[in-house]
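A.B. asks: Got a predicted structure plus its sequence, pasted below:
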Amino acid sequence: MRAVLLSSGLAVICSLLGTRLAIGWFTRHGFGQPIRDDGPTTHHVKRGTPTMGGLVILLSATVAYLAATMLVGGRPSASAWLLLFLFLGCGVVGFLDDFIKVYTQHNQGLTSRAKMAGQTVVALGFGLLATQFFADERGVRPASQYISTTHDWGIKLPLVVLLLVIWFIVTATSNGANLADGADGLLAGTSAMVFGAYTIVNIWQNNHLCGSLDSTVVESACYQVRDPLDLAVFAAAIAAACIGFLWWNAKPARIIMGDVGSLALGGALAGLAIMSRTELLMAVIAGLFVLETLSVLLQMSYFKLTRRITGTGRRIFRIAPIHHHFEHLGWDEVTVVIRFWIIAGLCVAAGLGIFYADWLN
């Protein structure tokens, strides 16, 4: 627990101070954000706002986790290294996308195929390492070959199918977080709640770990996971780094997270879900990301379907993702963000409630 508190404290300080320094550096070097022309007109004033602030979140969380782990006399576990690989790997893909946008001053960065290729390499690399290597003394690897809600269930998946499932989870989650990064403070605030929830989940799993010498651990209700406490330390660092960044990212944002931050946060969330055996539960805890993604898929599907039937494409929402729809209806951006934070908080509470209720049963 000391490491959890230390990592979160270090991360929020590093993020608060680091983001302020990043604002000045990015401003001096012209790293301004291009704005999509078809977005809400109220966002046009954000053109030129320093971007790629997600770099501060990546560096703050990573440094805080490593420093906290070493200061309490530990060393990073295999699960933590894999989470770091996913966190930074998705961040690199996002950085390339952001850099191209800034360099060309156009809202089109990497092509969709190039971005997907980068995410695929990272996801499959993570999946192969997490499922086939790094077994601990109990024979437990960082990721299992089953689908899980709070515990493994169903049949053991063949490796090829398992890698496809992991690829889907990583790409869907990272893109879902990316879609939520469209209003000042929306993604940073939501991510702080979601990663805070995973800090609680992993601490609880550590306290009820299968094979524990603690007499209070019941074998029928224990968790067959690897390195849950280390994952909690990392999750706490990411949550705290998001809080520090939010200080400067709240409306009117002094800096924008960019794809380097959103893709990295989504990737880290996928890694935590996979390694804590809560892939399906993650869809509830991160329900806001699911909502944002579904709004885009529904919009695209309905437009293509109506264009094929009638010759004229129609839309369900005025614009997708859905938070922009409400801005087009006239809601103030702050109102949209706060109400979406409420939705995100309810999803987190529901997910933690399901997790705890399952343990009680």
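C.D. replies: The structure has been received and is ready for your questions.

A.B. asks: what about the helices in the stretch 201-350 of the chain?
C.D. replies: 228-249, 258-275, 279-285, 287-310, 322-328, 333-360 (DSSP state H, counting those that start in this stretch).

A.B. asks: Determine which stretch of those helices is the most buried.
C.D. replies: Highest mean neighbour count of the helices of the stretch 201-350 of the chain: helix 258-275, a mean of 30 (counted as mean count of other C-beta atoms under 10 Å). For every residue, glycine as well, the C-beta is placed using N, CA and C.

A.B. asks: Report the angle between that helix and helix 287-310.
C.D. replies: Angle, helix 258-275 to helix 287-310, by axes from the mean of the first three to the mean of the last three C-alpha atoms, to 10 degrees: 110 degrees.

A.B. asks: Mind exporting the C-alpha coordinates of helix 258-275 to CSV?
C.D. replies: Extracted C-alpha coordinates of helix 258-275, given in CSV (Å, rounded to 0.1, in the frame of the first residue of the first chain):
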residue,chain,number,x,y,z
GLY,A,258,-3.6,14.5,-28.2
ASP,A,259,-3.5,11.0,-29.5
VAL,A,260,-0.3,10.2,-27.7
GLY,A,261,-2.2,10.4,-24.5
SER,A,262,-5.6,9.0,-25.5
LEU,A,263,-4.2,5.9,-27.3
ALA,A,264,-1.8,5.2,-24.5
LEU,A,265,-4.5,5.5,-21.8
GLY,A,266,-6.8,3.2,-23.8
GLY,A,267,-4.0,0.7,-24.3
ALA,A,268,-3.1,0.7,-20.6
LEU,A,269,-6.8,0.2,-19.7
ALA,A,270,-6.9,-2.8,-22.0
GLY,A,271,-3.8,-4.3,-20.4
LEU,A,272,-5.2,-3.9,-16.9
ALA,A,273,-8.4,-5.6,-17.9
ILE,A,274,-6.6,-8.5,-19.6
MET,A,275,-4.1,-9.1,-16.8
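
A.B. asks: Now do that helix against helix 228-249, angle only.
C.D. replies: Calculated by the same axes, to 10 degrees, helix 258-275 forms an angle of 160 degrees with helix 228-249.

A.B. asks: and helix 258-275, how far out from the chain's middle?
C.D. replies: Offset of helix 258-275 from its chain centre (C-alpha atoms, centre = their mean, to the nearest Å): 3 Å.

A.B. asks: now do stretch 169-189
C.D. replies: Centroid separation between stretch 169-189 and its chain, computed with C-alpha atoms, centre = their mean, is 7 Å.

A.B. asks: ok, now stretch 193-211?
C.D. replies: Mean-position distance between stretch 193-211 and its chain equals 17 Å (C-alpha atoms, centre = their mean).

A.B. asks: SS state for residue 157?
C.D. replies: When classified by DSSP: H, G, I helix; E, B strand; the rest coil, residue 157 comes out as coil.

A.B. asks: Cross-check the contact I'm expecting between it and residue 144.
C.D. replies: No: counting by C-beta atoms under 8 Å, residue 157 does not reach residue 144; the two are 9.1 Å apart.

A.B. asks: Pick out whichever of the two has more residues nearby.
C.D. replies: Ranked by neighbour count (other C-beta atoms under 10 Å), residue 157 and residue 144 place residue 144 first, with 22 against 17.

A.B. asks: ok, the spatially closest residue to that one that is not a sequence neighbour to residue 277 distance?
C.D. replies: Leaving aside its chain neighbours, residue 144 sits nearest to residue 152 (5.4 Å; criterion: C-beta to C-beta, 6 or more residues apart in numbering). Distance from residue 152 to residue 277, counting by C-beta to C-beta, to the nearest Å: 6 Å.

A.B. asks: ok, residue 290 to residue 264 distance?
C.D. replies: Counting by C-beta to C-beta, the gap from residue 290 to residue 264 is 19 Å.

A.B. asks: rewinding a little: for the residue nearest to residue 144, give me the pLDDT.
C.D. replies: Looking at residue 152, its pLDDT reads 88.

A.B. asks: residues touching it, list them.
C.D. replies: 144, 146, 224, 277 (C-beta atoms under 8 Å, 6 or more residues apart in numbering).

A.B. asks: cool, and residue 27?
C.D. replies: The contact partners of residue 27, by C-beta under 8 Å, 6+ apart, come to residue 50.

A.B. asks: And it, how close does it get to residue 319?
C.D. replies: In this view, residue 27 and residue 319 are 29 Å apart by C-beta to C-beta.

A.B. asks: same question, residue 343
C.D. replies: 18 Å.

A.B. asks: Check residue 313 too.
C.D. replies: 14 Å.

A.B. asks: what do you get for residue 359?
C.D. replies: Distance from residue 359 to residue 319, counting by C-beta to C-beta: 41 Å.

A.B. asks: Give the closest residue to residue 282 in space, chain neighbours not counted.
C.D. replies: Once flanking residues are discounted, residue 282 sits nearest to residue 273: 3.7 Å by C-beta to C-beta, 6+ apart.

A.B. asks: before we move on, what about residue 120?
C.D. replies: Using C-beta to C-beta, 6+ apart, the closest residue to residue 120 is residue 167 (6.2 Å).

A.B. asks: Show me the shaky parts of the stretch 151-300 of the chain.
C.D. replies: 213-216, 220 (pLDDT under 70).

A.B. asks: run the last query once more with 50
C.D. replies: For the stretch 151-300 of the chain, no stretch is flagged by pLDDT under 50.

A.B. asks: for the nearest residue to residue 244 once chain neighbours are set aside, what are its contacts?
C.D. replies: Leaving aside its sequence neighbours, residue 244 sits nearest to residue 15 (C-beta to C-beta, 6+ apart; 2.6 Å). Residue 15 makes contact with 56-57, 60-61, 240-245 under the criterion C-beta under 8 Å, 6+ apart.
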